[in-house]
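**Q** Just the structure for this:
(one chain, ligands or ions: 2)
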Amino acid sequence: MTMDWSQIPAINQIDLTGKRVFMRLDLNAPIKDGKVKDDTRLRAVLPTINYALARNARLILASHLGRPKGVDPSQSLEPVAAKLAELLNHEIKLSDYPVGDATQKLVSELRNNEILLLENLRFDKGESKNDEELSKQFASYADVYINDAFGTAHRAHASTAGMIPFVQGPSGVGFLMHKEIAALTHLLNDPARPFVAVLGGAKVSDKIGLIQNLLGQCQSILIGGAMAYTFLKALDLPVGASRFEEDQLPLAATLLKKAEARGVKLLLPEDHVVATEISAEAKTRIVTDKFQPEDMGLDIGPRTLATYSEIIHNAGKVFWNGPMGVFEVAPFAAGTRAVAEAMAKTNAYTLIGGGDSAAAVEQFGLADKISHISTGGGASLTFLEGEVLPGLEALRLANPPKKD
Ligand code: ADP
Ligand code: MG
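**A** Ligands and ions are numbered 1, 2, ... in the order given. Down below sits the predicted model:
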């Protein structure tokens with residue numbers, strides 16, 4: 001069963017005029033030499049901020065940056081404030097600390113159309129601890145609460161979950177988060193069949209919950225990446241020196257049995273690109289089952305790639321997480337590229353979750369041909385695992401269904 005998130009209003013369903021709008025954003029951008037190195041996350045939330053500015057709201061922006069243990073000037077949001085001000089072409093005030101008397105004063109002095117950015121929320125230890133006092137202080141700044149930080153929705157922190165029940169006025173999501181929820185819900189609810197999942201990457205152990213839940217939803221699961229070798233090994237098939245997880249073998253065997261019992265086709269690679277080293281100059285061979293002891297499987301082979309591409313082509317909807325090989329190194333990129341190309345070409349609804357898989361489609365220049373690429377790796381996987389996202393759940397509880 002999937003939850004109904006449609007009762008959570010989007011920012012454009014809430015009256016913001018002249019209101020103090022507390023906006024939880026993900027401004028956790030990489031910083032180098034006191035400057036924002038990659039402003040992707042900042043640009044992603046501009047529509048939400050601009051929408052509120054156009055309605056003359058008083059904006060209180062909030063985000064974490066890195067993992068500081070208490071106040072740490074090297075993890076200040078200052079570079080973010082500067083970059084965001086430039087992108088918005090709008091002045092931004094930055095507080096010294098997320099809460100407290102001085103911050104309180106800045107909030108009360110805010111006028112329509114002004115922006116205050118709270119300093120790195122994790123400077124206060126209560127943020128990650130979901131502290132109730134801190135939650136109440138945040139809530140006291142807000143006439144309206146908007147969350148547009150999907151990447152942190154799987155965490156129960158003061159700014160993402162704890163404060164929501166204490167906010168006096170309406171609460172909802174920004175455009176980015178709205179799009180993420182709509183896409184993930186669509187993936188699960190769209191009746192198109194077959195539902196195909198393509199799973200790869202480094203470890204089975206990272207993705208157990210995901211595989212379990214997808215077994216109840218998908219008709220086919222295509223396995224690649226290092227993960228494949230744990231499954232092949234569990235079937236007592238040769239894997240040479242390929243990377244596998246010894247302690248996950250029993251679980252892999254159980255998953256294979258479950259798939260069979262449910263009639264889900266769980267496909268493993270029929271052939272492999274192997275080498276004895278991971279380097280751009282590595283000599284590669286194609287192997288079906290004649291692994292030499294020193295052979296490492298580093299990508300799916302040409303037959304597997306053709307099979308997987310065909311299945312993606314004929315799918316009704318496709319979810320992809322985890323590269324098919326060590327795509328960062330050219331001799332082992334073909335399998336991941338083929339999957340990315342098949343995803344781009346198919347008429348199926350296509351969704352990609354996971355940092356490295358998203359980076360791969362970007363690298364191949366195919367990102368704009370994918371129906372949706374989730375920005376929140378951990379959050380999107382938690383969603384598809386069927387787990388409750390505390391950030392979303394708090395918003396759902398604050399917005400009970402209307403009775404007519
Ligand atoms: P995502 O970020 O998309 O969820 P993961 O983080 O699970 O993906 O896995 C990505 C990593 O897995 C990549 O760095 C890739 O090089 C590695 N990988 C893929 N296939 C193999 C393999 N056969 N052997 C070793 N590493 C692999
Ligand atoms: Mg990764």
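
**Q** thought residue 53 was touching residue 59?
**A** Yes. Counting by C-beta atoms under 8 Å, residue 53 touches residue 59, with 6.9 Å between them. Any C-beta I mention is one placed from the backbone N, CA and C, and that applies to glycine too.

**Q** For the two, list the residues in contact with both.
**A** residue 115 (C-beta atoms under 8 Å, 6 or more residues apart in numbering).

**Q** okay, these two: which has more neighbours?
**A** residue 59 (23 against 19; other C-beta atoms under 10 Å).

**Q** what about whichever strand or helix holds the more buried one, average pLDDT?
**A** Taking DSSP states H and E as the definition, residue 59 sits inside strand 58-62. Strand 58-62 carries an average pLDDT of 98.

**Q** Excluding its own residues, what touches that strand? List them.
**A** Strand 58-62 is contacted by residues 18-25, 27, 49, 52-53, 84, 92, 98, 107, 110-118, 121, 138, 141-142, 159 when judged by C-beta under 8 Å, 6+ apart.

**Q** Just the ones of these in strands?
**A** 20-24, 115-117 (DSSP state E).

**Q** Of these, which is the most crowded?
**A** residue 24 leads those on contacts (other C-beta under 10 Å) with 31 neighbours.

**Q** Provide the partner residues of it in its beta bridges.
**A** residue 62, residue 147 (DSSP bridges).

**Q** which residues sit in contact with it?
**A** Shown in contact with residue 24 (C-beta under 8 Å, 6+ apart): 62-63, 145-149, 152, 159-160.

**Q** Smallest gap between the stretch 301-404 of the chain and ligand 1, at which residue?
**A** With C-beta to the nearest ligand atom as the measure, residue 354 is the residue of the stretch 301-404 of the chain nearest to ligand 1, at 2.7 Å.

**Q** these two touch, right, that residue and residue 360?
**A** No. Here residue 354 does not reach residue 360: they are 9.2 Å apart, not a contact under C-beta under 8 Å.

**Q** Get me the contact residues on the chain for ligand 1.
**A** 200-202, 206, 225-226, 243, 297-298, 321-323, 325-326, 328, 354-357 (C-beta under 6 Å from any ligand atom).

**Q** pull the helix or strand with minimum mean pLDDT from this structure.
**A** helix 377-384 (a mean of 87; mean pLDDT, DSSP states H and E).

**Q** I'd like the next helix or strand past that one.
**A** helix 390-398.

**Q** hmm, back to that, Serialize the contacts of residue 24 to a markdown table and add fields for neighbour count.
**A** Compiled in a markdown table, those are given as follows (neighbours: other C-beta atoms under 10 Å):
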| residue | neighbour count |
| --- | --- |
| 62 | 28 |
| 63 | 26 |
| 145 | 28 |
| 146 | 31 |
| 147 | 30 |
| 148 | 25 |
| 149 | 30 |
| 152 | 25 |
| 159 | 33 |
| 160 | 27 |
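
**Q** of those, the lowest pLDDT goes to which?
**A** Within the contacts of residue 24, pLDDT is lowest for residue 152, at 89.

**Q** Just to check, it is in contact with residue 26?
**A** Yes. Judged on C-beta under 8 Å, residue 152 makes contact with residue 26 at a distance of 6.0 Å.

**Q** where do the contact lists of the two overlap?
**A** Counting by C-beta under 8 Å, 6+ apart, the residues touching both residue 152 and residue 26 are residue 376.

**Q** what about residue 215, neighbour count?
**A** Residue 215: 17 neighbours (other C-beta under 10 Å).

**Q** State the distance from it to ligand 2.
**A** As judged by C-beta to the ion, to the nearest Å, residue 215 and ligand 2 stand 22 Å apart.

**Q** Closest residue of the stretch 51-200 of the chain to ligand 1?
**A** For the stretch 51-200 of the chain, C-beta to the nearest ligand atom, closest residue to ligand 1: residue 200, 5.9 Å.

**Q** From residue 297, how far out is that residue?
**A** Distance of residue 200 to residue 297, given as C-beta to C-beta, to the nearest Å: 12 Å.

**Q** Can you check which residues contact both of the two?
**A** 226, 228.

**Q** Need phi/psi at residue 359.
**A** The phi and psi values for residue 359, taken as degrees, to the nearest 10, are phi -60, psi -40.

**Q** That one - how many residues pack around it?
**A** 14.

**Q** Would you map the helices across the stretch 151-300 of the chain?
**A** 175-189, 208-215, 227-234, 249-262 (DSSP state H, counting those that start in this stretch).

**Q** which of those helices is buried the deepest?
**A** helix 227-234 (a mean of 24; mean count of other C-beta atoms under 10 Å).

**Q** Return the list of helices and strands in contact with that helix.
**A** Helices and strands touching helix 227-234, by 3 or more C-beta pairs under 8 Å, 6 or more residues apart in numbering; DSSP states H and E, are helix 249-262, strand 296-300.

**Q** ok so, going back, check contacts around the residue of the stretch 51-200 of the chain closest to ligand 1.
**A** Counting by C-beta under 8 Å, 6+ apart, residue 200 touches 223-228, 321-325, 336, 357.

**Q** Of those - the most surrounded one?
**A** residue 324 (35 neighbours).

**Q** can you tell me which residues contact that one?
**A** 198, 200, 224-225, 299-300, 305, 308, 335-336, 338-339.

**Q** For those, give me TSV that also has distance to residue 365 and pLDDT.
**A** Formatted as TSV, the contacts of residue 324 follow (distance: C-beta to C-beta, whole Å; pLDDT from 0 to 100):
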residue	distance to residue 365	pLDDT
198	19	98
200	20	96
224	21	98
225	22	97
299	20	98
300	21	98
305	19	98
308	20	98
335	17	98
336	13	98
338	15	98
339	15	98
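
**Q** sorry, back to before: could you redo the helices of the stretch 151-300 of the chain as TSV and give each row mean pLDDT?
**A** Output for the helices of the stretch 151-300 of the chain, formatted as TSV (pLDDT from 0 to 100):
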stretch	mean pLDDT
helix 175-189	94
helix 208-215	92
helix 227-234	97
helix 249-262	96
